[in-house]
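> what's the 3D shape of this:
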Amino acid sequence: MKGLTHFVSGVALATFSSQAVQLAENESSLILVIGGIFGILPDTLDFKVARFFSNEDYIVTPSPQNTNLQEIADTIALAIDRSFEEKKKLQVKLNTIKLGADLWRQYSVRFEDSEVVVKLGPVVNTSQVPLGAFDHDTAPTASAGIKCRVLHTYDSDTRVDIFSGPTFAFRRINDEMVEAEFLPWHRSWSHSLVLGAIFGLIGGTVYGLLTSYPGHWNTALLYAMVIFGGFSIHILEDQLGFMGSNLYWPITRNRHQGLKWMRSGDAWPNFITVWLALIAIIFNINRFSNERVFHSSFVEYLGYAFFLPLTFIIFVGFFTSRMMRPAVVNAAGERLKEVTVENEEEES
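Sure thing, here's the model as predicted:
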């Protein structure tokens, strides 16, 4: 899920402790914010640290003017065969094809029983919406044979389209198979419940050593639980997706497969999670505060704050999207024509 979703989830989890809410209200404690900070920490560690220590053995950079699909397929196949024969882990970085400020040429990679298949896709905008007509059945395709089978636990087709492209790590796992690990630097050591417990232990100990009022170790334990809870709720939310996480690093070395219920960038799961988290925050702060603003039950509160507005949003959104989509697609199509003319002028 998105960073905002993880942050709000960490705060919401912390509000289920009456002591945490009262500390925030009566002593201006940042304990609720700390829950949110540790809620986004796993991804921060990945995108600000681990990502830059990832070493690619092969980097594929397709040309926007003359995309060579066969070269892409051959490079991936070479990495797979080398990983299988040499019993070593090799990484391949697939760069995107940028056509303009808001235009990208999509291509996809599929691992089949005895070959790698690369297929050209449509032009998309940064929202990954295809622009113009595109026939997937007749799209240019290239393939390269491989000497083993590939175990791929992510999408059957990996689309490469916007921003920075994906990285695959190939690792031999038995006498006939190589595993294709999607984004090997992501959700590995940083997404560990064990690491979350270590952070909680460190945070609680530091708080206990820096304070000395009566009962401060009980508060230190609360800080430790809030830190562990925020870190853990991030990991458990990620387990709803496809990639999974290495839940028990350093005890385990590999990711535990996700439930594949959603994708991290899907709009509705992120929106609903943030909404429910905010509802929980408001309800918990109200019920644990010194002066309550409302006295409704949680079921009644949830109905007014969630189910009624959600029904209205779905109703309005359905009709609005049907009315606006043609105009958006036409505008994007005109931009695609402009970029095509600009590229032709540059080539001439």
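
> quick one: H295 is in a strand?
No: H295 is assigned coil when assessed by DSSP: H, G, I helix; E, B strand; the rest coil, not a strand.

> That one and S17, how far apart?
According to C-beta to C-beta, to the nearest Å, H295 and S17 sit 21 Å apart. The C-beta positions use only the backbone N, C-alpha and C, and glycine is treated the same way.

> neighbour-wise, which of these two wins?
Per other C-beta atoms under 10 Å, whichever of H295 and S17 has more neighbours is S17, with 19 against 9.

> Which residue comes closest to that one once chain neighbours are left out?
L222 (6.5 Å; C-beta to C-beta, 6 or more residues apart in numbering).

> Give me the secondary structure label for that neighbour.
helix.

> now do G121
strand.

> Which pLDDT does the model give it?
pLDDT, G121: 93.

> And the strands in the stretch 151-300 of the chain?
157-160, 167-172, 177-182 (DSSP state E, counting those that start in this stretch).

> So which elements touch the first one?
Here strand 157-160 is seen to pack against strand 103-111 when contacts are counted using 3 or more C-beta pairs under 8 Å, 6 or more residues apart in numbering; DSSP states H and E.

> go again using 10 Å as the cut-off
Helices and strands touching strand 157-160, as assessed by 3 or more C-beta pairs under 10 Å, 6 or more residues apart in numbering; DSSP states H and E, comprise strand 103-111, strand 115-124.

> Leaving out the residues flanking it, which one is nearest to T153?
Q257 (5.6 Å).

> again, but for Q22
For Q22, the spatially nearest residue (C-beta to C-beta, 6+ apart) is F288, at 6.3 Å.

> circling back to that earlier point, burial check on the residue nearest to S17, number of neighbours?
Neighbours around L222, by other C-beta under 10 Å: 19.

> Hmm, A20 and it touching each other?
Yes: with contact defined as C-beta atoms under 10 Å, L222 reaches A20; the gap is 6.2 Å.

> Contacts only, for the residue nearest the centre of the chain.
Central residue check for the chain by C-alpha atoms, centre = their mean: the C-alpha nearest the mean position is that of S264, 3.9 Å away. Residues in contact with S264 (C-beta atoms under 10 Å, 6 or more residues apart in numbering) are 1-2, 5, 43, 186-187, 237-238, 240-243, 258, 270.

> okay, who's weakest in those by pLDDT?
Minimum pLDDT across the contacts of S264 falls on M1, with 82.

> In contact with that residue, which residues?
9, 43, 234, 237-238, 240-241, 262-266, 269-270, 273-274.

> Identify, from these, the entry nearest to Y248.
Nearest to Y248, judged by C-beta to C-beta, of those is D238 at 14.5 Å.

> and the gap between that closest one and A197?
17 Å.

> Looking at those two, which one has more neighbours?
The residue with more neighbours, out of D238 and A197, is D238; 22 against 15, by other C-beta under 10 Å.

> Could you verify my assumption that that one touches D43?
Yes: using C-beta under 10 Å, D238 makes contact with D43 at a distance of 8.7 Å.

> tell me which element D74 falls in.
helix 69-86 (DSSP states H and E).

> Check which helices and strands that helix sits against.
strand 58-60, strand 90-94, strand 103-111, strand 115-124, strand 141-145, strand 149-152, strand 167-172, strand 177-182.

> So which of those strands is nearest L131?
Here strand 115-124 is closest among the helices and strands packed on helix 69-86 (C-beta to C-beta), at 5.1 Å.

> For that closest one, buried residues please.
116-124 (16 or more other C-beta atoms under 10 Å).

> Stretch 296-307 too?
Counting neighbours by 16+ other C-beta under 10 Å, stretch 296-307 gives 301-302, 305 as buried.

> Tabulate those residues (TSV), appending pLDDT and secondary structure.
What follows is the buried residues of stretch 296-307, written out as TSV (pLDDT from 0 to 100; DSSP: H, G, I helix; E, B strand; the rest coil):
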residue	pLDDT	secondary structure
Y301	85	helix
L302	84	helix
A305	84	helix
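
> would you turn those residues into JSON lines with distance to I313?
As requested, the buried residues of stretch 296-307 are arranged in JSON lines below (distance: C-beta to C-beta, whole Å):
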{"residue": "Y301", "distance to I313": "18"}
{"residue": "L302", "distance to I313": "16"}
{"residue": "A305", "distance to I313": "13"}
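
> Now do the contacts for Y304.
279, 294, 296.

> For Q106, state which of the contacts of M1 is nearest.
Among the contacts of M1, and counting by C-beta to C-beta, the member closest to Q106 is G265, at 15.2 Å.

> residues touching the closest one, list them.
1-2, 128, 241.

> got it, and R159?
106-109, 119, 121, 124, 128, 165-166.

> May I have the beta-bridge partners of W104?
Note on W104: beta-bridge partners K98, V124, judged by DSSP bridges.

> For G200, see how far away it is.
Distance from W104 to G200, by C-beta to C-beta: 41 Å.

> same question, W268
Taking C-beta to C-beta, one finds W268 at 31 Å from G200.

> Where does pLDDT dip in the stretch 201-348 of the chain?
Applying pLDDT under 70 to the stretch 201-348 of the chain flags the ranges 321-348.

> all helices for it, in order.
216-238, 267-288, 298-302, 308-347 (DSSP state H, counting those that start in this stretch).

> Could you export those helices to TSV, including columns for distance to V92?
Converted to TSV, these look like this (distance: least, C-beta to C-beta, whole Å):
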stretch	distance to V92
helix 216-238	24
helix 267-288	29
helix 298-302	47
helix 308-347	27
